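Peer 1: Output the structure for:
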Amino acid sequence: MRPYGMEMRKRAWEALERGETSEEVGERLGIDPSCVRKWRKRVREGGTLVPGGERTGRKREFDRRYELALRDAVQAVPDAIRRELSETVGKGLGRVFSQRVIGRALKRLGLSRKKNSARQRAATTGRADGARAVGKRRRAR
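Peer 2: Below is the predicted model of the structure:
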């Protein structure tokens, strides 16, 4: 969800300075009173109504140095699979990450796994001759 604009924040702050309560301001402006209380706290502690760029949650452990090592590993061996990339980056920096973490990092970096002629996608497994699979029964029509 996008933060409220500065115009809304300023109107709320002016109302608070006039002595209105957070509930009154919230009801009048059509916003939640808890949001108005947070803005008041933000001004009191930080001196500004500007929305913060804080991130929530855990800090990413696969940081910039790992991303650079991953980019180098992909350039060195473009057809390496995620497991191989994980091991290559891990050996160089002393930390092995899961294949899922490597996949997300590749996506963030805008890199896709390249395929050489030996690792192209397999052909479809459809049966061209119309043969049945073993153990399957046909229904009588």
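Peer 1: Could you count how many residues lie near residue 79?
Peer 2: Applying other Cβ atoms under 10 Å, we find 13 residues neighbouring residue 79. Heads up, the C-betas are built off the backbone N, CA and C, glycines and all.
Peer 1: now residue 50
Peer 2: A total of 12 residues lie near residue 50 under the criterion other Cβ under 10 Å.
Peer 1: Kindly report the same for residue 74.
Peer 2: 21.
Peer 1: which ones are touching the closest residue to it other than its chain neighbours?
Peer 2: Spatial nearest neighbour of residue 74, chain neighbours left out: residue 111 (5.4 Å); criterion: Cβ to Cβ, 6 or more residues apart in numbering. The neighbours of residue 111, taking Cβ atoms under 8 Å, 6 or more residues apart in numbering as the test, are 70-71, 74.
Peer 1: from these, which single one is nearest residue 36?
Peer 2: Proximity of these to residue 36 (Cβ to Cβ) peaks at residue 70, which lies at 44.3 Å.
Peer 1: Mind pulling up the pLDDT for the residue nearest to residue 74?
Peer 2: Reading off the confidence values, residue 111 has pLDDT 84.
Peer 1: and the gap between it and residue 33?
Peer 2: With distances defined as Cβ to Cβ, to the nearest Å, the gap from residue 111 to residue 33 amounts to 46 Å.
Peer 1: try residue 85
Peer 2: 50 Å.
Peer 1: So for the two, which residue has more residues nearby?
Peer 2: Taking other Cβ under 10 Å, residue 85 and residue 33 do not tie; residue 85 has more neighbours (24 against 15).
Peer 1: Start and end of stretch 71-91, how far apart?
Peer 2: One end of stretch 71-91 to the other measures 15 Å (Cα to Cα, to the nearest Å).
Peer 1: Please parse this structure into its domains.
Peer 2: 6-46, 64-114 (automatic domain parsing).
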